[in-house]
Structures are given as structure tokens and as C-alpha cells.
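K.L.:
take a look and give me a structure for this.
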Amino acid sequence: MQKIKIVVVGGGPSGMMAAIRAAGLGQDVTLLEKKDSLGNKLLLSGKGRCNLTNTEDLEYFLKRFSKNGDFLRDAFKKFFNRQLMDFFEQRGLKLKIERQMRVFPQTDRSTSILDILKKELERSGAQVIYKAKVVDLFLAGGKVRAVRLENGWDIVCDKIILACGGASYSFTGSDASGVNIAKKLGHDIVPLRPGLIPLDVKQGYPRKLEGLTLRNIRLKFFDGKTQIVSEIGELVFTASGISGPLAITLSGKVIDMLEQNKNVSVEIDLKPALSNEQLDNRLLREFKANAKKSIKNALKELLPLRLIKVFIEMAAIDLLKKCNQITQGERERIISLLKGFRMDISKARPIEEGMVTRGGVSLKEINPKTMESRLIKGLYFCGEMIDIDADTGGFNLQAAFSTGYLAGESAAALIQLKPPAKQVAK
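P.N.:
Residues are numbered from 1 along each chain as shown. Purely as a prediction, here's the structure:
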């Protein structure tokens, strides 16, 4: 058997896992990382705690991907959440499961995940070269033959795994360079767009509310034809719009809506557990019990302090008006706002600020059973640079680890040496 020379481009979670798997199968593996350290984006995941996966079942997992989840079925069957958890636990890292079945290291530190990956790279025998930016690939006869580095060096190889990431958080190394190389080689690229990203609104008042977190609320996005309704959860105001788990999770779908219709709005249901009638009864009780209080002070029982002034201004009510002076029409406006605090979405933040990149190398040109290119023999893709993306909750990282594992295993398929020529007996 002849050892395969495999080059993995990109030292994120998918690239590290691809290199670990291929080297673990006895192959000659070189991992090229353009930065001076590995796992830069991994360290930021889960707000620095690394939500590495989720314990939900396969079918639930696939549904959490925007549209192409089924492509991952083979990768997940090969290496899924339980196998990933075992990978870290067998190497001494204790994990924990939090709400919504999200998995974190007990240390609450992403460095704990990265340390194990780096140790496993060393143990497997994979060579890691830092500050090695790949600028081109060379082919011969429709097969990969070498990679060229920015410094002019060429590395000859039998297989290449591109794990270069997308275009978000480019300071970590994800600058779309791998996607551009794939495009240069003739692959179709689904346009890159931000995913899991804050949204800007047209109104100016979010600036007054910057940093305010609303809990136990529900969002409804709509464009006149369709609507998207969130679960109950949290929202955070930014200087220019909205962020937080609910907004970020639905941001991809909102961006799709914006591409079809520029007039997209969001309504915040500040009291999703109460009906209009229940709210009306509560307001009547509050106003009766606090007849001499100003509406500003009376609403402290219903709303965060920082929201009250903006809220009353939107309701077009005098801040100092007494509760016993509030008209039925004003009370109806309050109820309407409590159930539908409305803003108009202008755009998503720049792709640089997105947690993930949507789009990438078209899945039509990747074999889901091997992650190999259907156009170029010996070229494999994995991780964020392919056209898959999911909600928050550990789904994206699991996809990165799973596709990396499958790409590494597939690339490590042994090359048979040609048998020696038969000697003719004299």
C-alpha cells in the first residue's frame, strides 16, 4: 500500500477533524492554516463556551438547517452527536447538556475543545504549518496534484480537502478565499449571504434602547404575503436594530424575505402569554388601583423602565397623564403595542458580523457520501464553505465536525501500488 499525501486547507473545526481522521487512518497529512493559530472562530462559538453539538435526534437535526439539511444525512450517519461527544469525553473532557439540549464542555471554555483537537492532531501525526495561505490548486488529468502557497511554494499531494470557512468573522481567517478557489476551478457558488446575524431597523429609537434585553417575548416578521413567528425567548436592542437569540435565529429567513420584498416588518409581542382581553382587564385593574399615578409610573409593572418612555411616545400619550384620565382609545393603543410593538426591517448587518455564512459551494457538485467534488477527482469540501447553514444550538458546529470527519475518511481511502510486471520465464 502507498501512503496518500493529503493536504487539508483550513484549521477550523472541520479542517482539524478532517486531518485527525485522515492521519488516524495512517495517511501522510499536512494541515495548512493561514493564521498563526488554529480554531480562531471556534474559540468565539457559544460566547466563548463552545456549544459543540446538540443531543436531539437525526430528523430533528436535519430540520434545523435552512433548506439543505438532507444533504448531511450521510455525514451524520457516519459521525453524529453521540460520536462527537464520545470523541471528547474519551479524551478526558467532561461535557454537560443545557436547555434546548445544547452541549457544552463543563469548563465553559472553548479552549478546552481546541486543546483536545490540537493534542489529537499531534498524536495522529498530522503536520501543521502555520501562516500558510493557499492561493491556488493545480490539476492534472482532472485530478488534484498540488497546492500553491502565497509565498510561492508548491506542495505536491494526492488529495486536497478544502475547509476554509465562509466569509463571516474574516479576522479569524474565514475570508471566502476557499470559496473563490473553488469558483476558479469551475464550481458553482451559491451567493454568500450572512446568517445568524443582527438586523437593522428603519426607526431611530433602538439607539435609545441599546443593550436592553426583553425576555419572554415573541417575534413576528411579515412582508404582506408571508409571516414568520418565533418561539418565546429573548431579544436585545442594538444601536441600529435588534439582536438576541430570537432575531438571530430567524435572520436567515428574514434576509430571504428582504430579497423578495423590501417592506419587511417585525412585531414584538411583549406579553405572549396574555390575550388582548386579559391585558385589557389587567390594565383596568392597574389603572383603578393607581388612579392618581401617571401612566409612566403605572406601566412599571408591565414593562422594563428603559422601554416605557419610548413605548408611551409610540402610543401618543402624555407621559404625565394620570391613569384615571386614560381613555378607552388610549388603552386600546397600549394593548395594541403590548401585543405588537412594530418596527420596519431595513437590512441585515454586514456578512462580516454574521455568526455563519449562508451559501457557498453548490451541493449539486459534492458527493454527500464522500464530500468529494463531482467535478475534480481528489478534491473534497467540508465545513462552512459549502452551502449548508442552521439555527443556533450546536447544529452548525456538528455539521462542521461531521463533514470534516467524512471528508478525512474518504480522502484517506488507500491507493494501491501497481503490481510489479510479470517476469517471463526463460
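
K.L.:
can I take it that residue 193 is in a strand?
P.N.:
Yes. Residue 193 sits within a strand when classified using DSSP: H, G, I helix; E, B strand; the rest coil.

K.L.:
so what pLDDT did it get?
P.N.:
Reading off the confidence values, residue 193 has pLDDT 91.

K.L.:
quick check: it touching residue 255?
P.N.:
Yes. Assessed by C-beta atoms under 8 Å, residue 193 is found in contact with residue 255 at 6.0 Å. In this view, the C-beta of every residue, glycine as well, is placed from N, C-alpha and C.

K.L.:
give the residues shared as contacts by those two.
P.N.:
In terms of C-beta atoms under 8 Å, 6 or more residues apart in numbering, residue 193 and residue 255 are both contacted by the residues residue 358.

K.L.:
show me the chain divided up by domain.
P.N.:
When the chain is parsed with automatic domain parsing, its domains come out as 5-194+355-411, 198-348.

K.L.:
as JSON lines, those domains with mean neighbour count would be great.
P.N.:
Shown next, in JSON lines, are these (neighbours: other C-beta atoms under 10 Å):
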{"stretch": "domain 5-194+355-411", "mean neighbour count": "20"}
{"stretch": "domain 198-348", "mean neighbour count": "17"}
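
K.L.:
what's next to stretch 14-31, contact-wise?
P.N.:
Residues outside stretch 14-31 that contact it (C-beta under 8 Å, 6+ apart) are 3-9, 11, 33, 38-39, 117-118, 120-121, 124-129, 155, 157, 161, 163-164, 380, 382-384, 400-401, 403-405, 407-409, 411-412.

K.L.:
and with 6 Å instead?
P.N.:
Applying C-beta atoms under 6 Å, 6 or more residues apart in numbering, the set of residues contacting stretch 14-31 from outside is 3-8, 11, 117, 120-121, 124-128, 161, 163, 382-383, 400-401, 403-405, 407-409, 411-412.

K.L.:
so is residue 344 in a helix, a strand, or just coil?
P.N.:
strand.

K.L.:
just the pLDDT at it, thanks.
P.N.:
96.

K.L.:
then residue 415?
P.N.:
47.

K.L.:
ok, residue 391 next?
P.N.:
Looking at residue 391, its pLDDT is 89.

K.L.:
what sits against it?
P.N.:
By C-beta under 6 Å, 6+ apart, the residues touching residue 391 are 64, 249.

K.L.:
now it. Its backbone dihedrals?
P.N.:
Main-chain dihedrals, residue 391, degrees, to the nearest 10: phi -70, psi 170.

K.L.:
what's the spacing between the closest residue to residue 167 other than its chain neighbours and residue 66?
P.N.:
Nearest non-adjacent residue to residue 167, counting by C-beta to C-beta, 6 or more residues apart in numbering: residue 176, 4.0 Å away. Between residue 176 and residue 66 the distance is 19 Å, computed by C-beta to C-beta, to the nearest Å.

K.L.:
again, but for residue 115
P.N.:
Distance from residue 115 to residue 66, by C-beta to C-beta: 32 Å.

K.L.:
now residue 44
P.N.:
Taking C-beta to C-beta, one finds residue 44 at 21 Å from residue 66.

K.L.:
who touches residue 348 in this structure?
P.N.:
Residue 348 is in contact with 194, 197, 199, 255, counting by C-beta under 6 Å, 6+ apart.

K.L.:
excluding chain neighbours, what is closest to the second one?
P.N.:
Which is residue 197. That would be residue 354: by C-beta to C-beta, 6+ apart, it lies 4.0 Å from residue 197.

K.L.:
check that neighbour and give its pLDDT.
P.N.:
88.

K.L.:
that one: neighbour count?
P.N.:
Residue 354 has 26 neighbours, counted by other C-beta atoms under 10 Å.

K.L.:
these two touch, right, it and residue 168?
P.N.:
Yes. At 4.0 Å, residue 354 and residue 168 qualify as touching, with contact defined as C-beta atoms under 6 Å.

K.L.:
overlap of the contact sets of these two?
P.N.:
By C-beta under 6 Å, 6+ apart, no residue touches both residue 354 and residue 168.

K.L.:
need the three-state assignment for residue 335.
P.N.:
When classified by three-state DSSP, residue 335 comes out as helix.

K.L.:
ramachandran angles for the residue nearest to it when sequence neighbours are not counted?
P.N.:
Nearest residue to residue 335 in three dimensions, chain neighbours excluded: residue 279, at 5.0 Å (C-beta to C-beta, 6+ apart). Per-residue torsions, residue 279: phi -60, psi -40 (degrees, to the nearest 10).

K.L.:
thinking again about what came up before, now for the residue nearest to residue 197: which residues touch it?
P.N.:
Residue 354 neighbours (C-beta under 6 Å, 6+ apart): 168, 194, 195, 196, 197.

K.L.:
do you know how far the second one is from residue 169?
P.N.:
Remark: distance between residue 194 and residue 169 (C-beta to C-beta) = 11 Å.

K.L.:
hey, what's the residue positioned nearest the centre of the chain bridged with?
P.N.:
For the chain, residue 356 is the residue whose C-alpha lies nearest the centre (C-alpha atoms, centre = their mean; 3.8 Å). Beta-bridge partners recorded for residue 356 (DSSP bridges): residue 195.

K.L.:
over to residue 233?
P.N.:
Beta-bridge partners, per DSSP bridges, of residue 233: residue 217.

K.L.:
next one: the one 10 residues further on
P.N.:
Residues in a beta bridge with residue 243, per DSSP bridges, are residue 236.

K.L.:
and for residue 149?
P.N.:
Using DSSP bridges, the beta-bridge partners of residue 149 come out as residue 134.

K.L.:
give me the distance between it and residue 359.
P.N.:
26 Å.

K.L.:
what do you get for residue 205?
P.N.:
Distance, residue 205 to residue 359, using C-beta to C-beta: 33 Å.

K.L.:
quick one: the strands in the stretch 1-150 of the chain?
P.N.:
For the stretch 1-150 of the chain, applying DSSP state E, counting those that start in this stretch gives strands covering 5-9, 28-33, 53-54, 95-97, 102-105, 127-130, 134-140, 143-149.

K.L.:
the shortest one: partners in the sheet, and parallel or antiparallel?
P.N.:
Read that as strand 53-54. strand 102-105 (antiparallel).
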